[in-house]
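> Kindly return the folded structure for what I paste below:
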Amino acid sequence: MSEGAFRFCPSCAAELALVMAAEDGGDRQRLRCPACSFTHWNNPTPVLAAVIECTDREGRVLLARNAAWPGRFFGLITGFLEAGETPENGIRREIAEETALEVEHLGLLGVWDFQRMNQIIIAYHAAARGEIRLSPELAEYKLIAPADVRCWPQGTGQALATWLRSRGIEPQWLEPAV
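The predicted structure follows:
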């Protein structure tokens, strides 16, 4: 079992075990409960992301630094999809909660897998305006001209690169950390 994985069944509290079992796609090894047959599917978590273009600030892109992140990395506005919510409504909610900006237009950029975090990223371009007021979850933000934005190779960086290409801008990439 990997560190941080489920260890006990949420239904009956028995210890989970890695068990091979037949599924539609063939045999799969999963954490299963030997007492009640509960299966921990460990499916990817849907994460929403937005490339926010501030229409009232010369089309600059808003990048923010999460207060919990080490260093000074600035990224896209992101958040988890909540139960009963469409991805479009979820990203509108995240943008409002984290920046107080009003979304004028929303367009799907694409969907990317982020296996390192066991996530599926659903990314949008959001044209937005208003006074930027960060939630406590964000430490600071930058507004950057699209031509000056640098993309990162993993996670939401691919969404940013896709948006830049849609604007006729070839993405510039951050140098990998050594």
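
> Identify the residues contacting the residue with the largest distance to the centre of the chain.
Note on the chain: the largest C-alpha distance from the chain mean falls to A35, namely 35.3 Å (CA atoms, centre = their mean). If a contact means CB atoms under 8 Å, 6 or more residues apart in numbering, then A35 has C9, C12, A14 as its contacts. For glycine as for every other residue, the C-beta is placed from the backbone atoms N, C-alpha and C.

> if you set the cut-off to 10 Å instead, what comes out?
C9, S11, C12, A13, A14, E15, L16 (CB atoms under 10 Å, 6 or more residues apart in numbering).

> Now the two most distant members of those.
S11 and E15 (12.7 Å; CB to CB).

> residues shared between the contacts of these two?
C33, A35.

> Domains of this structure: list them as residue ranges, please.
1-42, 45-170 (automatic domain parsing).

> measure the last one end to end?
Distance between the boundary residues of domain 45-170 (CA to CA, to the nearest Å) amounts to 30 Å.

> residues touching I132, list them.
I52, C54, R57, L62, A64, E98, T99, A100, L101, L138, Y141, L143.

> Show me what the helix or strand where the fifth one lies is packed against.
For A64, the enclosing helix or strand under DSSP states H and E is strand 60-66. Strand 60-66 is packed against strand 45-54, strand 77-80, helix 87-99, strand 119-129, strand 138-144, helix 157-166, with contacts defined by 3 or more CB pairs under 10 Å, 6 or more residues apart in numbering; DSSP states H and E.

> residues of stretch 114-134 that come out buried?
Across stretch 114-134, burial judged by 16 or more other CB atoms under 10 Å covers 114, 119-128, 130, 132.

> actually stretch 60-69, not the one I wrote
For stretch 60-69, by 16+ other CB under 10 Å, it's R60, V61, L62, L63, A64, R65, N66.

> pretty sure the third one contacts Y141?
Yes - the pair L62 / Y141 is scored as a contact, 5.8 Å apart, by CB atoms under 10 Å.

> Mutual contacts of these two, please.
In contact with both L62 and Y141: I52, F74, I77, E98, T99, I132, using CB under 10 Å, 6+ apart.

> Least confident of those?
When the shared contacts of L62 and Y141 are compared on pLDDT, F74 comes out least confident, at 95.

> Just give the closest residue to that one, not the sequence neighbours.
Excluding the flanking residues, the one nearest F74 by CB to CB, 6 or more residues apart in numbering is L63, at 3.9 Å.

> Find me the pLDDT at that neighbour, would you?
98.

> show me what contacts it?
So L63 contacts 51-52, 73-77, 140-144, 149-150, 160 (CB under 10 Å, 6+ apart).

> Lovely, talk soon.
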